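Trainee: Output the structure for:
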Amino acid sequence: MPDYGHDLLFSANLVPHAQQADTVVALAQLAERAGLDLVTFQDHPYQPAFLDTWTLLSYVAAGTESIRLAGNVHPLPLRPPAMLAQAAASLDILSHGRFELALGTGGFWDAIAAIGGPRLTPAQGVDALEEGIPIIRAAWDTATAGGIHHHGEHYRIDGAQRGPRPAHDIGIWLGAYKPRMLRLTGRLADGWLPSLPHLGSIGKIGEGNAIIDEAATEAGRSPKNIRRLLNLGEELPPAQLAEIALTHGVSVFTLMVGDPSAIQRFALETAPAVRELVAAERAGSQTQNSAQRPGSPALRSQAAAAQGAPLAAVPTPDDGVRLTDARVWDESTRP
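Mentor: Model (predicted):
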C-alpha cells in the first residue's frame with residue numbers, strides 16, 4: 001500500500017492507574033519534555049482502578065504546553081455524541097488546539113450495561129457510531145445556521161444549539177478491525193487507529209487500508225485525507241517502523257509504556273531514526289520517480305532482519321471488568 005505522505009508523529013499511551021495518579025501525570029509531562037508528539041489514555045469508565053479519562057485529559061492539558069492529547073479510545077455508548085462534541089471542543093479550546101477525538105463502539109457490553117449504559121450488539125454499536133459522528137461534526141459546525149436535528153434509531157436530537165467551535169479541526173479517529181467498521185472509517189473518519197497485537201500481523205494493515213481506501217473513494221474522499229495510526233504492543237526497531245510507514249502509510253506510532261527510560265528512548269532515539277529513514281526514502285523515491293513502492297530493498301532488508309519474536313497476544317477480559325493488565329487496550333471496536 002502507498003505512503004500517504006503524512007508527517008510522522010510518535011506517541012505514548014499511559015495506563016490511567018488511579019493508585020498511581022501522580023506518576024501518570026509525571027510520565028505525560030516527561031513525554032512532552034522528551035519531544036513526543038502525542039499522549040493517549042485508555043477510556044474505561046466502568047473500571048474503578050482507572051482514573052476517569054476525561055478528567056485526566058483535562059488535568060494533563062493544564063500541566064503541559066505542546067503535546068497533543070487523545071483518548072485511546074472513547075466508548076461512544078457511554079459518551080453521548082452531542083455532549084461528547086461539547087466536551088471535546090471545550091478541551092481543544094482550553095488546550096489551544098491540542099486535542100484529537102478517538103472513538104470506538106464500546107465492546108465490553110456487560111461492563112457498559114453494569115453502569116447504566118446500553119447493551120448493544122456489535123452491529124448496533126456500528127450503527128450508533130455511524131449516527132454519532134455526523135452529530136458531533138454538526139455540533140462543531142457553528143458556521144451553519146439553525147440547530148441540530150437527528151432522528152435515528154440510537155440518538156434523537158431536536159434542535160440542539162451548535163458549539164462551541166473547537167480551536168482547530170479536531171480529527172476523528174476510529175478503532176476498527178472488521179470490514180464494516182473499516183468502510184465506515186473510509187466514509188466518515190479522519191484516521192484509522194488499530195492495535196498491532198489485535199491485528200495479528202503487519203500485513204493486516206495493508207488489508208485494512210485497501211478497504212478504507214475503496215470506501216473513501218466511493219464516498220468522494222481522498223484516501224490521503226485519512227491518517228493511519230498504530231498502537232504498538234511492544235517496541236519495534238526504527239527500520240521496521242520506517243518500513244511500516246513507507247509500505248502501509250502509518251504516520252502515528254503509539255507505544256504503551258510506563259517506564260521513563262522507555263519514553264526517553266522512544267522519543268530521543270527511535271523517533272529521530274525513523275524520521276531520518278523515511279525522509280531519505282521519500283526523497284529518493286521522488287528523485288527516481290518510483291511510485292510503485294516507497295521502501296527500498298535495503299530498508300526492507302533491515303526491517304526483515306529486525307523482526308524478532310512473534311507479537312505478544314493482548315489479553316481480553318472475559319467480562320469487560322477485570323482490566324487490570326497494563327497491556328489492555330480499549331479496543332472497543334471489533335465489528
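Trainee: what about residue 15, distance to residue 25?
Mentor: Here the distance between residue 15 and residue 25 works out to 13 Å (Cβ to Cβ, to the nearest Å). Any C-beta I mention is one placed from the backbone N, CA and C, and that applies to glycine too.
Trainee: same deal with residue 264?
Mentor: Spatial separation of residue 264 from residue 25 under the definition Cβ to Cβ is 17 Å.
Trainee: Looking at these two, which one has more neighbours?
Mentor: More neighbours sit around residue 25 than around the other of residue 264 and residue 25, counting by other Cβ atoms under 10 Å; the figures are 19 against 16.
Trainee: so who does residue 45 touch?
Mentor: Applying Cβ atoms under 8 Å, 6 or more residues apart in numbering to residue 45 gives the contacts 52, 53, 75, 78, 115.
Trainee: Equivalent analysis for residue 183, please.
Mentor: Taking Cβ under 8 Å, 6+ apart as the criterion, residue 183 is in contact with 211, 212, 214, 215.
Trainee: Could you give the separation of the helix or strand where it lies from the chain centroid?
Mentor: Mapping residue 183 onto the secondary structure by DSSP states H and E places it in helix 179-188. On the basis of Cα atoms, centre = their mean, to the nearest Å, helix 179-188 sits 15 Å off its chain's mean C-alpha point.
Trainee: Equivalent analysis for stretch 235-247, please.
Mentor: Here the centre of mass of C-alpha atoms in stretch 235-247, compared against the chain's by Cα atoms, centre = their mean, lies 18 Å away.
Trainee: Name only those of the contacts of residue 183 that count as buried.
Mentor: Of the members of the contacts of residue 183, the ones counted as buried by neighbours, 16 or more other Cβ atoms under 10 Å, are 211, 212, 215.
Trainee: out of these, who's nearest residue 248?
Mentor: residue 212 (11.3 Å; Cβ to Cβ).
Trainee: any idea how far residue 144 is from the closest one?
Mentor: Separation of residue 212 from residue 144 (Cβ to Cβ) stands at 27 Å.
Trainee: swap in residue 92?
Mentor: The span separating residue 92 from residue 144 equals 19 Å under the rule Cβ to Cβ.
Trainee: if we can go back for a sec, export the buried ones among the contacts of residue 183 to a markdown table and append columns for pLDDT.
Mentor: As requested, the buried ones among the contacts of residue 183 are exported to a markdown table (pLDDT from 0 to 100):
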| residue | pLDDT |
| --- | --- |
| 211 | 98 |
| 212 | 98 |
| 215 | 98 |
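Trainee: Can you flag which of those belong to helices?
Mentor: Under the assignment DSSP state H, these contribute 211, 212, 215 to helices.
Trainee: can you map out the helices along the chain?
Mentor: Along the chain, counting by DSSP H, helices occupy 21-34, 53-62, 81-94, 109-114, 122-140, 179-188, 196-199, 203-218, 238-248, 260-265, 271-288, 297-306.
Trainee: Would you mind saying which of these lies nearest residue 9?
Mentor: Proximity to residue 9, assessed across the helices of the chain by Cβ to Cβ, is greatest for helix 271-288 (8.8 Å).
Trainee: Just the buried positions in the closest one, please.
Mentor: Neighbour counts using 16+ other Cβ under 10 Å place 271, 274, 275, 277, 278, 281, 285 of helix 271-288 among the buried residues.
Trainee: dump the residue contacts of the residue nearest the centre of the chain.
Mentor: Centroid check for the chain by Cα atoms, centre = their mean gives residue 193 as the closest residue, at 4.0 Å. Residue 193 is in contact with 72, 73, 102, 173, 174, 175, 176, 229, 230, 231, 252, counting by Cβ under 8 Å, 6+ apart.
Trainee: how does it look with 10 Å?
Mentor: By Cβ atoms under 10 Å, 6 or more residues apart in numbering, the residues touching residue 193 are 40, 70, 72-73, 100, 102-104, 171, 173-176, 185, 227-231, 252, 254, 329, 331, 333.
Trainee: what about stretch 249-268, start to end distance?
Mentor: Across stretch 249-268, the straight-line distance between its terminal residues is 22 Å, by Cα to Cα, to the nearest Å.
Trainee: From the chain's centroid, how far away is that stretch?
Mentor: Using Cα atoms, centre = their mean, the mean C-alpha position of stretch 249-268 is found 14 Å from that of the whole chain.
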